[in-house]
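Student: Sequence first, then the predicted structure, then my questions.
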Amino acid sequence: MKNKDVANIFNHVADILEIKGENPFRVRAYRKAAQNIENLAEDIEEIAKKDGLYNIPGIGKDLAKKIQEILDSGTFKGYEELKEEVPNGLVSLLSIPGVGPRTAKALYDRFGAIDLNKLEKLCLEKKIRELPGIKAKTEKNILKGIQLVKMGMERRPLGAILPIAQEIIETLKKKCILDRIDVAGSVRRKKETVKDIDILVCSSHPHKVMDVFTSLPLVHEVIAKGETKSSIRTGDGLQVDLRVVDRSCYGAALCYFTGSKAHNIRIRELAIKRGLKVNEYGIFKGNKRIGGEEEIDVFEVVDLPYIPPELREDRGEIEAAMEGRLPKLIEMDEIRGDMHVHSKYSDGTATLSEIAKKAKEMKLEWVAVTDHSQGLKIARGVSIEDLRRKRAEIDAFNRSSTDVRLLCGTEVDILSDGGLDYPNEILKQLDVVIAAIHAGFKQDEATLTKRVISAMENPYVHIIAHPTGRIIGERGGYALNIEKVLEVAAQTRTCMEINAYYKRLDLNDVLSRTAKNKGVFLSIGTDAHILDQMEFIPLGVYVARRGWLEKRDVINTLSYEELLAFLREKMSKFKVVFY
Ligand code: DGT
Ligand code: CA
């Protein structure tokens with residue numbers, strides 16, 4: 001699909017026009033078009049073939065022509081001309097949170113074509129604050145933004161990398177004779193961001209494997225090609241390492257290259273205490289190899305049960321394994337529903353029946369349709385009148401559906417004073433209420449914490465959405481006393497969301513574990529705005545597994561009836577306290 005490529009070009013055009021200070025309506029038209037194209041479930045090339053580009057919202061004759069030009073040639077003439085006018089490094093500055101087009105232009109006028117590193121240096125030298133309209137605080141914010149961007153460039157979200165890893169593995173399986181193939185490293189441990197992809201292979205035809213690997217369509221550069229290890233780089237700079245390992249030590253190598261390094265070191269120490277040596281070549285007593293064909297061999301020689309990759313971070317898993325108290329981690333097939341999906345009622349693109357159909361394909365039993373609340377105009381928040389219509393439509397759907405059930409819910413805005421964007425009489429008519437902060441991020445810690453706490457103290461609020469507000473590679477969380485929030489969550493029996501959208505994963509693994517330890521239940525929701533995004537649900541499960549969560553900690557493992565009973569319980573339990 002070229003949807004993303006077309007959207008990227010349109011966004012880039014909007015960036016350049018903005019720096020040039022062009023008509024804001026033109027800028028917005030490109031941005032909106034980019035967004036609509038990115039959200040399309042259908043392949044834009046297919047749409048173009050059917051002459052259907054005009055049917056895409058926001059695409060008129062002029063943009064349709066440009067899309068066709070991009071599909072034919074990879075770019076369009078006007079774009080190439082624009083690129084000549086504004087240096088590329090300058091446009092890239094716009095990806096820094098805190099740097100808008102006006103700042104970018106001011107920087108350009110004063111310092112010429114600077115890039116990220118030069119800007120960082122200028123900030124550190126306190127030169128940026130000399131520009132008109134820029135204060136010391138803005139300079140600090142830009143510096144923080146640069147760090148976030150750098151982090152985002154070095155590490156990418158797992159959700160963006162997993163499909164690439166899977167595609168490589170599928171192609172190698174198809175084209176080579178393989179005994180074994182596994183992804184290793186942080187991808188196997190399902191860490192939220194990864195630096196590169198590590199793949200391990202066992203094959204009787206290693207040369208062929210290396211040939212196929214280094215000539216995969218996604219290869220942009222072959223960094224190294226050897227007998228046992230090759231490395232390539234993709235077009236957007238992602239490195240993939242492939243190692244061919246002997247059958248006799250495949251398990252030991254898989255264990256070693258899965259890591260983490262800290263976990264490996266602990267295992268190695270345990271082995272040394274037993275007079276053994278464990279490394280990527282096997283398990284050794286003196287010079288004699290005594291095992292390592294299977295991964296479990298490594299754990300067995302140090303008297304441990306198998307530790308799932310997601311736990312291998314030296315965060316207490318070795319001790320837990322020794323004492324026989326490893327958690328029985330939640331599994332994807334225990335998940336019965338998605339707790340956070342947007343429909344056409346607000347800013348989602350799918351109808352209720354399309355959502356239910358997708359859920360059925362994914363073997364889910366229920367979906368909570370949680371659209372934005374009335375005040376959130378940019379996300380087409382649902383008016384009270386429309387919410388009543390939605391309730392009726394969902395009730396009718398559930399009466400006729402023999403399999404998938406829908407929950408009528410909302411993602412209600414927590415207002416800046418801690419109040420909610422619907423009155424309680426409305427909230428109590430809903431099956432599930434997720435409360436979220438969408439504005440006022442810049443408030444201080446005490447105010448923000450109080451806002452979330454007052455939402456949790458409402459007996460009709462079941463879940464807090466994306467509790468910390470961080471976006472991977474784009475912004476850190478808002479100032480929030482999360483410990484305090486989790487304590488009140490436990491007291492008020494409010495669940496914390498694990499938002500499974502690939503750039504959020506919020507709560508993260510560590511905080512999910514803290515929540516569990518404080519007695520808080522977790523709720524996994526994809527926050528899907530288009531149907532395909534419902535497929536992010538495993539990412540939420542990975543966070544849960546890395547957070548040591550078991551089936552009983554996550555309310556998505558409840559059946560529809562059990563879930564409704566669970567959700568009603570907070571209301572009945574806390575009414576007495578709050579009224
Ligand atoms: P990242 O940064 O997302 O790529 O994270 P990893 O864990 O995939 O790290 P990477 O790719 O540098 O190395 C893959 C695995 O290889 C790592 O998890 C553990 C193992 N490893 C790498 N270097 C060492 C080392 O010096 N000692 C030990 N014991 N293991 C290592
Ligand atoms: Ca790695």
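Tutor: Received, thanks. Residues are numbered from 1 along each chain as shown. Ligands and ions are numbered 1, 2, ... in the order given.
Student: domains in this structure, as residue ranges please.
Tutor: 3-154, 156-244, 249-322, 333-578 (automatic domain parsing).
Student: can you put these in TSV and add distance to ligand 1, mean neighbour count and mean pLDDT?
Tutor: C-beta here means a position set from N, CA and C on the backbone, and glycine is covered the same way. TSV is the format used below for these (distance: least, CB to the nearest ligand atom, whole Å; neighbours: other CB atoms under 10 Å; pLDDT from 0 to 100):
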stretch	distance to ligand 1	mean neighbour count	mean pLDDT
domain 3-154	9	16	86
domain 156-244	3	17	95
domain 249-322	2	18	97
domain 333-578	13	20	94
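Student: need the ones you listed in CSV with distance to ligand 2, can you?
Tutor: Listed next are the domains of the chain as CSV, based on distance: least, CB to the ion, whole Å:
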stretch, distance to ligand 2
domain 3-154, 12
domain 156-244, 3
domain 249-322, 8
domain 333-578, 16
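Student: Give me the nearest residue to D532, chain neighbours excluded.
Tutor: With CB to CB, 6 or more residues apart in numbering as the criterion, D532 has its nearest non-adjacent residue at 6.2 Å, and that residue is A41.
Student: Correction: the previous question concerned M571.
Tutor: P459 is the one closest to M571 (CB to CB, 6+ apart), at 4.9 Å.
Student: Wait, a helix at the residue nearest to D532?
Tutor: No - secondary structure assignment (DSSP: H, G, I helix; E, B strand; the rest coil) places A41 in coil, not in a helix.
Student: ok, it to A160 distance?
Tutor: The gap separating A41 from A160 is 18 Å, by CB to CB, to the nearest Å.
Student: Which stretches in the stretch 251-400 of the chain count as strands?
Tutor: Under the criterion DSSP state E, counting those that start in this stretch, the stretch 251-400 of the chain contains strands at 277-279, 282-285, 288-291, 337-341, 366-372.
Student: What are the contacting residues of the second one?
Tutor: This points to strand 282-285. Residues external to strand 282-285 that are found in contact with it (CB atoms under 8 Å, 6 or more residues apart in numbering): 248-249, 252, 271, 275-278, 289-292, 297-298, 301.
Student: and with 6 Å instead?
Tutor: Contacts of strand 282-285 with the rest of the structure, by CB atoms under 6 Å, 6 or more residues apart in numbering, involve C249, A252, L276, K277, R289, I290, G291, G292, V301.
Student: Would you convert those into CSV that also reports distance to D403?
Tutor: As requested, the contacts of strand 282-285 are arranged in CSV below (distance: CB to CB, whole Å):
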residue, distance to D403
C249, 48
A252, 46
L276, 53
K277, 55
R289, 53
I290, 52
G291, 48
G292, 47
V301, 48
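Student: Name whatever forms a beta bridge with V194.
Tutor: Assessed by DSSP bridges, V194 has beta-bridge partners R156.
Student: That one and V245: what is the separation?
Tutor: Distance from V194 to V245, by CB to CB: 21 Å.
Student: so who does E192 touch?
Tutor: Contacts of E192 by CB under 6 Å, 6+ apart are L158, L505.
Student: what about 10 Å?
Tutor: By CB atoms under 10 Å, 6 or more residues apart in numbering, E192 lies in contact with 155, 157-159, 186, 472, 502-506, 508-510, 539, 542-543, 546.
Student: any idea how far E561 lies from N398?
Tutor: From E561 to N398 the distance is 12 Å (CB to CB).
Student: quick one: common contacting residues for those two?
Tutor: The contact lists of E561 and N398 share W366, R405, where a contact means CB under 10 Å, 6+ apart.
Student: Phi first, then psi, for K135.
Tutor: phi -100, psi 170 (degrees, to the nearest 10).
Student: quick one, what contacts the residue lying closest to it once chain neighbours are set aside?
Tutor: Excluding its sequence neighbours, the residue lying closest to K135 (CB to CB, 6+ apart) is R129, at 6.4 Å. Going by CB under 10 Å, 6+ apart, R129 touches L122, C123, K135, A136, K137, T138, E139, K140, I142.
Student: from these, which is closest to S454?
Tutor: Relative to S454, the closest of those is K137; by CB to CB it sits at 28.7 Å.
Student: isn't there a strand covering the closest one?
Tutor: No - using three-state DSSP, the secondary structure at K137 is helix, not a strand.
Student: Now do the contacts for it.
Tutor: With CB under 10 Å, 6+ apart, K137 has these contacts: R129.
Student: cool, V201 as well?
Tutor: Contacts of V201 (CB under 10 Å, 6+ apart): 169, 172-173, 176, 178-182, 209-210, 213, 228, 242-245, 250.
Student: Isn't A368 up against G525?
Tutor: Yes - look at A368 against G525 with CB atoms under 10 Å: they come within range, at 7.2 Å.
Student: shared neighbours of the two, which are they?
Tutor: G337, D338, M339, H340, V341, G409, E411, V432, I434, I463, N556.
Student: Kindly indicate whether T410 is helix, strand or coil.
Tutor: Put simply, T410 is strand when judged by three-state DSSP.
Student: Just give me the residue right at the centre of the chain.
Tutor: Centrality entry for the chain: nearest residue to the mean C-alpha point is Y502, 1.4 Å, by CA atoms, centre = their mean.
Student: thought that one was touching I472?
Tutor: Yes - counting by CB under 10 Å, I472 is a contact partner of Y502 at 7.8 Å.
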